[in-house]
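Undergrad: got a structure for you, letters missing:
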């Protein structure tokens, strides 16, 4: 699958089944049935046997799930009540198209027309108690027949190439990582490698906890999409990373302080192989590396991210060169571990 | 002596995630007194002193090596460093401080003028005397961490002030315990843990690999005996505190009571600690694997997480006696 196909699949946290099925198909074809398995948390774990003895077992991990919505009920008028799955700013969802349920029914997140807003409405940030999904249903009964509670919804957003090598799509966080895992699958490496496609990252790093405990790799490279704020950000001290400036290497975020030596090794490898890279400068967000670092007796971990503007929206933007750089640096690491 | 050991440890550099210099210092102090030592993937220094009885328990003590600090996130065009906190740092008390990096580079941490909002980390910067981004970059890079410069001084006869007292005073206590123990009945595992200040990260993995029968964290606790400060009901100089609970842990009754009993048997005072906030390694030990009975001995410490954390050496000496008694009789 290419990045476009991956982004178009719907897989909000806890509903990764369809994506997992397609990834597993590709993994079985590449690695053989016996090297691909799914665990109880729905993580897809793919093993590549190393060519040499005595090398550490490295896990490369990316999460399958994306942020989305879940239906809670309906109003008498037939509008769906819902809540976000994962962190979504309600300001970015008003008047956006969504697709609801397995049948992918078209819906729109309603907004009060500007003509009808009071001054107070204009100043207020909409909250989830006052937002709804309109699926064109006549009444509550029809709405709930079409979309019973627990139906999930995703942004209805096309994958669009634009500018000089930029892409705009939903779910770039973390389909970029999934995409690079698929590419890494096509080669072999000196040491044993496990490629882990994990679940439920966006609701609290839940899938990777089990995978990390079961695998207990000596080193984990966590592939992520992370928030870029290179545009419209006045203060230099609050800038985190920039789209188009290369793969972002983390020294610390809100869930891990990365081992200094591993961080330095990544920076050196990127320099030596002329791979575009940047330091992720801000200390922001949490990710699966925390679980890999702290499962059982502890291990080394690092996070390599593709900077994504407007992350956790239906129109996140990244630079394809950064996706390439994430792949190149991970590959170089696996070959030099 | 306890005071000398403490002073040696206070001068070591060791913000969360970068504790290796502290580990080296500890190793040099206790190498001759323990049966084995190793450092795990998270940098925890784990040392073991074998017990004489085959049926003896495995008791894990944990004292964290890391202290709070500031990580460089950016260097501006004029050579000023922007920082993010490592652990619980109050931006308000961080201004106009002497700080130091691992490579010895020194700086002044200061706060830019702030209007109409609360002082936050984004307002702080470090001045290392550089005049440009290029010059600053020769000494410090993003990801490097600064800590309050070591500055240890005595207050009166019994008290000592320093940054990093949290938790080097308990590293000193654990070192002394390991030095004093002579053929103990029970096996003692000393964990000099990492990354406590960012969420008890080191102790959790150490507890998994040590797999102890009992866990006791050694840490500082807050104070309630200075002007307008009433909680917790803990005073300096009135003895080490046996923790009942804090935000991270309700101490296992068996361990808590054994610690209180040990204090009574040793004839030293112990305060009963109920802390309405805070956390320490005991929490991570208690919930390792299938669960470990765990408690905590606390050293009362004024002005915690400031550049002048104050403890009373009488509390330290009392704690050492409690621990020696505990190891023999638990």
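TA: Great, that's in hand. Please read all numbers here as calculations on a predicted model, not as lab measurements. Numbering: from 1, shown residues only, chains lettered A, B, ... in the order given.
Undergrad: how far off centre is the worst-scoring helix or strand of chain A on mean pLDDT?
TA: Within chain A, no helix or strand scores below helix A:119-123, which has a mean of 84 by mean pLDDT, DSSP states H and E. Computed by C-alpha atoms, centre = their mean, to the nearest Å, the chain-centroid distance of helix A:119-123 equals 34 Å.
Undergrad: and stretch B:54-61, by the same measure?
TA: Distance of stretch B:54-61 from its chain centroid, counting by C-alpha atoms, centre = their mean, is 23 Å.
Undergrad: what's the answer for stretch A:46-56, then?
TA: Centre-to-centre, stretch A:46-56 and its host chain are 27 Å apart (C-alpha atoms, centre = their mean).
Undergrad: next, the buried residues of it.
TA: A:46, A:47, A:48, A:50, A:55 (16 or more other C-beta atoms under 10 Å in any protein chain shown). (C-beta placed from N, C-alpha, C; glycine too.)
Undergrad: inside strands: which ones of those residues?
TA: A:46, A:47, A:48 (DSSP state E).
Undergrad: tell me the pLDDT at the second one?
TA: Residue A:47 carries a pLDDT score of 98 in this model.
Undergrad: would TSV of the buried residues of stretch A:46-56 with distance to residue A:331 be doable?
TA: Shown next, in TSV, are the buried residues of stretch A:46-56 (distance: C-beta to C-beta, whole Å):
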residue	distance to residue A:331
A:46	16
A:47	17
A:48	12
A:50	15
A:55	15
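Undergrad: residue B:330: which of those is nearest?
TA: Of all these, residue B:330 sits closest to residue A:55, with 43.5 Å by C-beta to C-beta.
Undergrad: once you drop chain neighbours, what's closest to that closest one?
TA: Excluding its sequence neighbours, the residue lying closest to residue A:55 (C-beta to C-beta, 6 or more residues apart in numbering or on different chains) is residue A:191, at 2.9 Å.
Undergrad: flag the shaky bits of the chain, pLDDT-wise.
TA: If you meant another chain, say so; for now it's chain A. Where chain A drops to pLDDT under 70, the residues are A:232-237.
Undergrad: which residue lies nearest the spatial centre of it?
TA: residue A:174 (2.2 Å; C-alpha atoms, centre = their mean).
Undergrad: in a helix, it, correct?
TA: Yes. The assignment for residue A:174 (DSSP: H, G, I helix; E, B strand; the rest coil) places it in a helix.
Undergrad: count of residues packed around the nearest residue to it once chain neighbours are set aside?
TA: Nearest-residue entry for residue A:174: residue A:63, 4.7 Å, with adjacent residues in sequence omitted and distances by C-beta to C-beta, 6+ apart. As a burial measure, residue A:63 scores 31 neighbours (other C-beta atoms under 10 Å in any protein chain shown).
Undergrad: ok, residue A:63 - contacts?
TA: Going by C-beta atoms under 8 Å, 6 or more residues apart in numbering or on different chains, residue A:63 touches A:174, A:177-178, A:197-202, A:207-208, A:224, A:288.
Undergrad: quickly note the distance from it to chain B.
TA: 21 Å (C-beta to the nearest C-beta, to the nearest Å).
Undergrad: next, give phi and psi for that residue.
TA: phi -100, psi 140 (degrees, to the nearest 10).
Undergrad: tell me which parts of the stretch 201-337 of chain A are close to chain B?
TA: The stretch 201-337 of chain A has residues A:218, A:235-239, A:251-252, A:257-260, A:263, A:279, A:281-283, A:293-300 near chain B, with proximity defined as C-beta under 8 Å from any C-beta of the partner chain.
Undergrad: what's the domain layout of the chain?
TA: Since you didn't name a chain, this refers to chain A. Domain assignment for chain A, taken from automatic domain parsing, gives A:3-66+A:170-336, A:68-155.
Undergrad: actually, chain B is the one I wanted.
TA: Here the domain parsing of chain B from automatic domain parsing is B:2-67+B:163-329, B:70-148.
Undergrad: circling back: which one of the contacts of residue A:63 is nearest to residue A:98?
TA: After measuring those against residue A:98 - C-beta to C-beta - the closest member comes out as residue A:202, at 16.3 Å.
Undergrad: so that closest one, which of the three states?
TA: Of the three states, residue A:202 takes helix under three-state DSSP.
Undergrad: measure it to residue A:223 for me?
TA: Residue A:202 is 15 Å from residue A:223, where distance means C-beta to C-beta, to the nearest Å.
Undergrad: more neighbours: these two, which one.
TA: Between residue A:202 and residue A:223, counted using other C-beta under 10 Å, residue A:223 has the larger neighbour count: 31 against 23.
Undergrad: now name the helix or strand holding the more buried one.
TA: Element membership for residue A:223, per DSSP states H and E: strand A:219-227.
Undergrad: residues contacting residue A:313?
TA: A:88, A:89, A:92, A:93, A:155, A:170.
Undergrad: those: which two are farthest apart?
TA: Within these, A:89 and A:170 form the most distant pair, 14.3 Å apart (C-beta to C-beta).
Undergrad: who has more neighbours out of those two?
TA: residue A:170 (24 against 11).
Undergrad: what sits against that one?
TA: So residue A:170 contacts A:7, A:66, A:154, A:155, A:157, A:313, A:314, A:315, A:316 (C-beta under 8 Å, 6+ apart).
Undergrad: can I get these in a markdown table including secondary structure and distance to residue A:110?
TA: Below are these laid out as a markdown table (DSSP: H, G, I helix; E, B strand; the rest coil; distance: C-beta to C-beta, whole Å):
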| residue | secondary structure | distance to residue A:110 |
| --- | --- | --- |
| A:7 | helix | 25 |
| A:66 | strand | 22 |
| A:154 | strand | 17 |
| A:155 | strand | 15 |
| A:157 | coil | 18 |
| A:313 | coil | 17 |
| A:314 | coil | 15 |
| A:315 | coil | 19 |
| A:316 | strand | 23 |
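Undergrad: let me know the closest of these to chain B.
TA: Among the contacts of residue A:170, residue A:316 lies closest to chain B (C-beta to the nearest C-beta), at 23.0 Å.
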